[in-house]
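# mind looking at a prediction? Sequence and model below.
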Amino acid sequence: MKNVEQRLKRVLVDYGIDQRKISKESDYYFDLNLNMLDLMGLAKKIQHEFLVTIPDNELLRMECIADTIYFLERKSIRC
């Protein structure tokens, strides 16, 4: 869903990530230089934007933006 991707990109930019570094393949740790604490803070913003809960085990599986998009799309299908 393009809408999910666009909204997530907006959250990432609002979080302070350089828009030029954002692609579906961007790795949170290597490409965006985030650590686990950063990812936890970002997860809170994503949860607020999409009105979802991201369980810790799911957060640990999210290594790149595509993983997050996949999670969010699955959540929106269930609702």
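That came through, no problem. Residues are numbered from 1 along each chain as shown.
# which stretches in this protein count as strands?
Taking DSSP state E to define them, one finds no strands in the chain.
# residues near the residue nearest to Asp14 when sequence neighbours are not counted, how many?
Distances taken as CB to CB, 6 or more residues apart in numbering put Lys45 closest to Asp14, at 7.1 Å, once the chain neighbours are dropped. (Glycine included, C-beta is placed from N, CA and C.) Lys45: 13 surrounding residues under other CB atoms under 10 Å.
# again with Thr68
Neighbour count for Thr68, taken as other CB under 10 Å: 27.
# and His48, how far from Leu42?
In this view, His48 and Leu42 are 11 Å apart by CB to CB, to the nearest Å.
# neighbour count winner among those two?
A count of neighbours by other CB under 10 Å puts Leu42 above the other of His48 and Leu42, at 24 against 10.
# who are the contact partners of that one?
Leu42 makes contacts with Val11, Leu12, Tyr15, Tyr28, Leu34, as judged by CB atoms under 8 Å, 6 or more residues apart in numbering.
# so where's this structure uncertain?
Residue ranges of the chain with pLDDT under 70: 1, 77-79.
# what residue is smack in the middle of it?
Closest residue to the average C-alpha location of the chain: Thr68 at 4.5 Å, with CA atoms, centre = their mean.
# hang on, it packs against Arg7?
No. In this structure, Thr68 is not within contact of Arg7 by CB atoms under 8 Å, at 11.0 Å.
# got the contact list for Asn33?
Asn33 neighbours (CB under 8 Å, 6+ apart): none.
# can you read off the backbone torsions of it?
With angles defined as degrees, to the nearest 10, Asn33 sits at phi 60, psi 40.
# about what we covered before: closest one of the contacts of Leu42 to Thr53?
Val11 (15.6 Å; CB to CB).
# since we're on that closest one, how many residues are nearby?
Val11 has 18 neighbours, counted by other CB under 10 Å.
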